[in-house]
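Student: I would like the atomic coordinates for the input below:
(chains A and B)
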Amino acid sequence: MTNVEKPKIALFLCGCSTNISNLIDLDAIAEWARKREDIDIIEVHSLLCSPDGKEFFKQEIARNKPENVIIAACSPHQHEVTFQDLAAEAGLNIGHIQMVNIREHCAWVTPDKVKATEKAKSLINAAMMRAELAEDIEKQTMIANTDVLIIGGGIAGIEASLIASKAGRKVFIVERDISLGGEIIKTEEIAPNMACAPCLLAPRLSEVRDDPNITVITNAVVTEVLGFLGNFTVKIHKKARYVDDSCIGCDACFEVCPVTVPSEFNLELSTRNAIYTLFPGAVPAMAVIDKDICKHFIDDSCNACIGACPFGSINFDEKDEEIVAEVGAIVIATGFETGDPSVIEEMGYRKIENVYTIREFERLTCSNGPTGSKIKLKNGEEPTSIAVIHCADSLRENGIPYCSGTCCIRAAKVGELARKQIPDVRVINIHNDLVFTGPAANDFYRKQLDGGTEFVKTDHTSIKIYERNDKIAIEGAGILLEVDMVVLSTGVKPAKGTEALAEMLNIDIGKNGFFQSDHELLHATCASVDCIYIAGSAAGPCDVAESVTRAQATVGDAISKLVPGREIELEMMTTVIDEDKCGGCKLCITVCPFKAIEYDAEENISKVIEAICRGCGTCAATCPSGAAKAKYFTDKQIFAEIGGLLNV
Amino acid sequence: MAKPKVAFYWCASCGGCEEAVVDLAENILDVVAAVDIILWPVALDFKYKDIKAMEEGSIAVSFINGAIRTEEQKKMAKLLRKKSGLVVAFGSCASLGGIPALANLTSKKKIFKRSYLKSPTVVNPDGIIPKTKSVIDGYELTLPEFYKTVYKLADVIDVDYYLPGCPPTPELIANAVNAILEGKLPPKGAILSPDKSLCNSCDRNESKPEDVEISEIKRVIDIELDPEKCFLAQGIICMGPATRDGCGASCINGNMPCTGCFGPTDSCKDQGAKMIGTLGAILEGEEEEAIDKVIEGAVDPAGTFYRYGLAASMLGSARKEEEDE
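Tutor: Numbering: from 1, shown residues only, chains lettered A, B, ... in the order given. As a prediction, the model looks like this:
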């Protein structure tokens, strides 16, 4: 650099009413700046972000056309964008704006005015050095994609999809299971109102099925997510069903299928065939062939379903499919997993007959369940007594450490359901803490007490369950009783695959393993990345009402942020990799948290995909040959800034 | 027309750079035919007074290898600078300080104590330590001053070009000599080797995954080295990503990781710091304890990351200002 005239620099000093001017000697700084040869314009203003101040700032820039502007004021978090926009309106590229934080970093950290003033000078000097190396930054925008991806087809996912569709958005629901419905479809009555779950769900399922805006992708998982708000590219792996969409789920093929295995839908309390649906009336209606057990796929020894099918729907040649969806927002509605009480040895689960989990008990009471809604013991008889163990796996070091807050009411439902069928049945709920929050839940508890359910308190960790005299004995601190049937009330755990999904989406997981909210009070349904949302119990245990409310909240936020036709600003301060300098060592790809860099094997270099880059600068810091450059934060600028700090 | 005059000189170096010149093999005859070598202490007998007597700028080019450790080396470097049109810092030591600059991690006092008093092979009952002036039987004997700090050549004289490497390859030397003879020179200050990292020409780069996470740092003595696979992918620290290309990947071809002798690329200020920063980003481990455990595997950080570049590093420069002159 020889004989290049130094850029013209304008320095604006803001008093922030008295926030800065009382604590820093701005006149002294102005005087110091005037003595320097490298600052051409020095302006002190009492409040630069006021309407007057903004107008003054803009006019000064338009009039003097400085090459670089330094604003010594508040934190860039507060007003960097304000001044960038004003400068841009006045014709200055925003790459030439430097904010110096003399409020939070100087005025507010010491009562010593002299020291605060000296520090402000150092910071201004650092910005001066940096400004000399300032480069233009191009502002880039794109039209936001307003479509929505919903991961998980339970009650929350269904609700979210319907609302988004009503707002005119295209929706993709990706469900891991073979049809929609999630956990709620496995139950029939929901406490405290004993609302009928299938009646709630069925019309919604039909609505989803018939909605042209909604694409239902079942038997599928999301495998990759790239991009950011208004601009996500999602890869979905859809497994082959081997049954095409002419199938109406009529079950003609089920009878001829020679293979049976325990039914996952009925929690292994009944069986299903190799070709099956979860339940009649599922969405989508079509059956699926379980390739791992189907005799056609194992040894080509059976084609019975082909002959039985009245619609010619069987297609053994169907292949897995890779689907790419472009969306603007993602709603995670992956639900939860019920705790497994077999981890608590003393509960006798899976060892003692007639010890069920609450989920299994509820399947027994469902009309599409394994016993056609009859509560029966394994020997076919009706139980005369049922014990319900609260916190069977919860509030324990070796189980679920927390209170899920939703299981007590479900456990209290056992008495209600049992007495409908067996009026004389004795139901004893054995609990330590009892959680019935809100008036409705509390009324439900009173109703059960009145109805005859006994509530017995003991230390839940003292309970041992064993077989005695053809009955099941329950022994705990201060209690010993014998019953015919035991129902274990289990807690709520994060859904399987939560961690992997969080990693794929680059979002945080909270202490208890559920997806972490961006803010527990203000953005409870927003994940830590903008336009990725958490609905239902993916955000933590909740009841149906809250699950649905959360779903509505997610879509509400998404459709207010992503408006058709509205442009979104792309990250301006992205990283660029200099092709002439990149050696193709790929280490930037290893560290990029957004998968925004790809390796070009032909040219042996790594390239930044600008539309995905968020400008975090990790690659620029990692690049061992200095080929990656973070715009607005180049190594040279940072070194100059440090130099400026050290040499005033 | 008289042949251009060329000088070769060595400072604090091992002699490997001289070997590299000899390694030009029959090509050296072309060089000898094209130029007039007026100084080459390792091979030919010339006197310093003859150089002193030459006119300023009369030597076309001086190739100076080795770091600056003593007063005599600095004087000779200054003398050659005065008499030469061009000065080329030849090899890692002249360019970056090289292995001799690792001595900047200790002190002159400790070096003398070790070398002249404590070393098990030294017999020195009177505890004599070399001095710049000693009088024996009325005669004054002198030795050059041993500096407190090792310098790279550019710290003591203006350098026109750099030939990196420990030692520079015959190809690079031949290219440099030809460029000088033909007058096809790059801008002053250029390093006469490609400005990309070694990975660019490394055959093993293809075997490097796009997700190179290191869960355990290993040394070459710890494992049986895969002769095909990227060293970093094997957990071995290879300086290749932070090192300038141009060596022909000779260490890699010998199934040893790059140790960084070509120094950093133009865009990088401090090769060692850069590689430490890079490794920091690709080491596995979330908790501090787990990370510490991985880092423990890097048993000799100075020798690994700054084997050649300490005098040219930001660390090296801090020390220099405190001492010597």
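
Student: Please report phi then psi for the residue in the stretch 1-150 of chain B that chain A sits nearest to.
Tutor: Closest approach of the stretch 1-150 of chain B to chain A (Cβ to the nearest Cβ) occurs at B:Leu96, with a separation of 16.0 Å. All C-beta atoms are positioned from the backbone trio N, CA, C, and that covers glycine. Comment: the main-chain dihedrals of B:Leu96 come out as phi -130, psi 0, following degrees, to the nearest 10.

Student: close enough to count as contact, it and B:Gly309?
Tutor: Yes: in this structure, B:Leu96 is within contact of B:Gly309 by Cβ atoms under 8 Å, at 4.5 Å.

Student: what's the overlap in contacts for these two?
Tutor: Overlap of the contact sets of B:Leu96 and B:Gly309 (by Cβ atoms under 8 Å, 6 or more residues apart in numbering or on different chains) consists of B:263, B:271.

Student: re earlier: check contacts around the residue of the stretch 1-150 of chain B closest to chain A.
Tutor: Contacts were defined as Cβ under 8 Å, 6+ apart; by that measure B:Leu96 touches B:152, B:164, B:263, B:271, B:308-312.

Student: what does A:Gly168 give?
Tutor: Under the criterion of Cβ under 8 Å, 6+ apart, the neighbours of A:Gly168 are A:213, A:564.

Student: just A:Glu571 next, same as before
Tutor: By Cβ under 8 Å, 6+ apart, the contact list for A:Glu571 reads A:228, A:613-615.

Student: can you check A:Leu449 too?
Tutor: For A:Leu449, the contact set (Cβ under 8 Å, 6+ apart) comprises A:Phe455.

Student: That one should be in a helix, yeah?
Tutor: Yes: membership of A:Leu449 in a helix is supported by DSSP: H, G, I helix; E, B strand; the rest coil.

Student: Tell me the spacing between it and A:Asn442.
Tutor: For A:Leu449, the distance to A:Asn442 equals 11 Å [Cβ to Cβ, to the nearest Å].

Student: what are the ranges of the helices in the stretch 51-200 of chain A?
Tutor: For the stretch 51-200 of chain A, the helices defined by DSSP state H, counting those that start in this stretch cover A:51-64, A:76-89, A:113-131, A:155-166, A:197-210.

Student: ok, which stretches of the stretch 151-300 of chain A are strands?
Tutor: A:171-174, A:189-190, A:195-196, A:214-217, A:220-228, A:231-238, A:260-262, A:271-273, A:275-276, A:288-289 (DSSP state E, counting those that start in this stretch).

Student: on that earlier part again, looking at the contacts of B:Leu96, spot the one nearest A:Ile638.
Tutor: Closest to A:Ile638 out of these is B:Gln271 (17.8 Å), distances taken as Cβ to Cβ.

Student: So for chain B, the centremost residue is which one?
Tutor: B:Ser92 (1.9 Å; Cα atoms, centre = their mean).

Student: Check the secondary structure at it for me.
Tutor: The assignment at B:Ser92 comes out as helix when based on three-state DSSP.

Student: so what's it up against?
Tutor: By Cβ under 8 Å, 6+ apart, the contact set of B:Ser92 is B:98-99, B:164-167, B:261-263, B:308.

Student: Could you measure from it over to B:Ala43?
Tutor: Separation of B:Ser92 from B:Ala43 (Cβ to Cβ) stands at 21 Å.

Student: cool, and A:Glu382?
Tutor: In this view, A:Glu382 and B:Ala43 are 108 Å apart by Cβ to Cβ.

Student: Tell me which of those two has more neighbours.
Tutor: Set side by side, A:Glu382 and B:Ala43 show unequal neighbour counts under other Cβ atoms under 10 Å in any protein chain shown, the larger going to A:Glu382 at 15 against 11.

Student: in which helix or strand would I find the more buried one?
Tutor: Secondary structure assigned from DSSP states H and E places A:Glu382 in neither a helix nor a strand.

Student: ok, now the one 10 residues further on?
Tutor: Using DSSP H and E, A:Ala392 sits within no helix or strand.

Student: Run through the bridge partners of the closest residue to it other than its chain neighbours.
Tutor: Nearest-residue entry for A:Ala392: A:Leu488, 3.7 Å, with adjacent residues in sequence omitted and distances by Cβ to Cβ, 6 or more residues apart in numbering or on different chains. On the basis of DSSP bridges, A:Leu488 is bridged to A:Thr357, A:Ile389.

Student: Provide a list of residues in contact with residue 248.
Tutor: Answering for chain A, as no chain was given. A:285-286, A:311.

Student: actually it's chain B I care about, not the one you picked
Tutor: Contact analysis of B:Gly248 by Cβ under 8 Å, 6+ apart lists B:169, B:171, B:201.

Student: one more time with 7 Å, if that's ok
Tutor: Going by Cβ atoms under 7 Å, 6 or more residues apart in numbering or on different chains, B:Gly248 touches B:Thr169.

Student: And the strands in chain B, which stretches?
Tutor: Assigned strands in chain B, in chain order: B:5-10, B:36-39, B:59-65, B:68-70, B:84-90, B:133-136, B:139-142, B:146-151, B:161-163 (criterion: DSSP state E).

Student: by contact count, what packs against the fourth one?
Tutor: Right, the one you point to is strand B:68-70. Judged by 3 or more Cβ pairs under 7 Å, 6 or more residues apart in numbering or on different chains; DSSP states H and E, the packing partners of strand B:68-70 are strand B:146-151.

Student: Could you list every helix and strand in contact with the strand it packs on?
Tutor: For strand B:146-151, the helices and strands in contact under the criterion 3+ Cβ pairs under 7 Å, 6+ apart are strand B:68-70, helix B:314-322.

Student: so which of the helices of the stretch 51-200 of chain A is the most packed in?
Tutor: When neighbours are counted by mean count of other Cβ atoms under 10 Å in any protein chain shown, the highest per-stretch mean among these falls to helix A:155-166, a mean of 26.

Student: Looks to me like A:Ile20 is in a helix.
Tutor: No: counting by three-state DSSP, A:Ile20 falls outside a helix, being coil.

Student: hang on, it packs against A:Glu104?
Tutor: No: the pair A:Ile20 and A:Glu104 does not pass the contact test of Cβ atoms under 7 Å, sitting 10.1 Å apart.

Student: Between the two, which has more neighbouring residues?
Tutor: When A:Ile20 and A:Glu104 are compared on other Cβ under 10 Å, the one with more neighbours turns out to be A:Ile20, at 24 against 14.

Student: Can you give me the distance of the more buried one to A:Pro111?
Tutor: A:Ile20 sits 14 Å away from A:Pro111 when distances are taken as Cβ to Cβ.

Student: how's chain B carved up into domains?
Tutor: Structural domains assigned to chain B are B:1-193, B:198-321, following automatic domain parsing.

Student: What residues of the helix-or-strand element of chain A with minimal mean pLDDT count as buried?
Tutor: With mean pLDDT, DSSP states H and E as the measure, the helix or strand of chain A carrying the lowest mean pLDDT is strand A:567-569 (a mean of 87). Judged by neighbour count using 16 or more other Cβ atoms under 10 Å in any protein chain shown, the buried positions of strand A:567-569 are A:Ile568.

Student: packing partners for it?
Tutor: Packed against strand A:567-569 by the contact rule (3+ Cβ pairs under 7 Å, 6+ apart) you find strand A:141-143.

Student: Just give me the neighbour total for B:Gly235.
Tutor: The local packing count at B:Gly235 equals 18, with neighbours defined by other Cβ under 10 Å.

Student: Return the distance of the residue nearest to it when sequence neighbours are not counted relative to chain A.
Tutor: Here the nearest residue to B:Gly235 in space, its sequence neighbours aside, is B:Lys218; by Cβ to Cβ, 6+ apart that works out to 4.2 Å. Between B:Lys218 and chain A the distance is 18 Å, computed by Cβ to the nearest Cβ, to the nearest Å.
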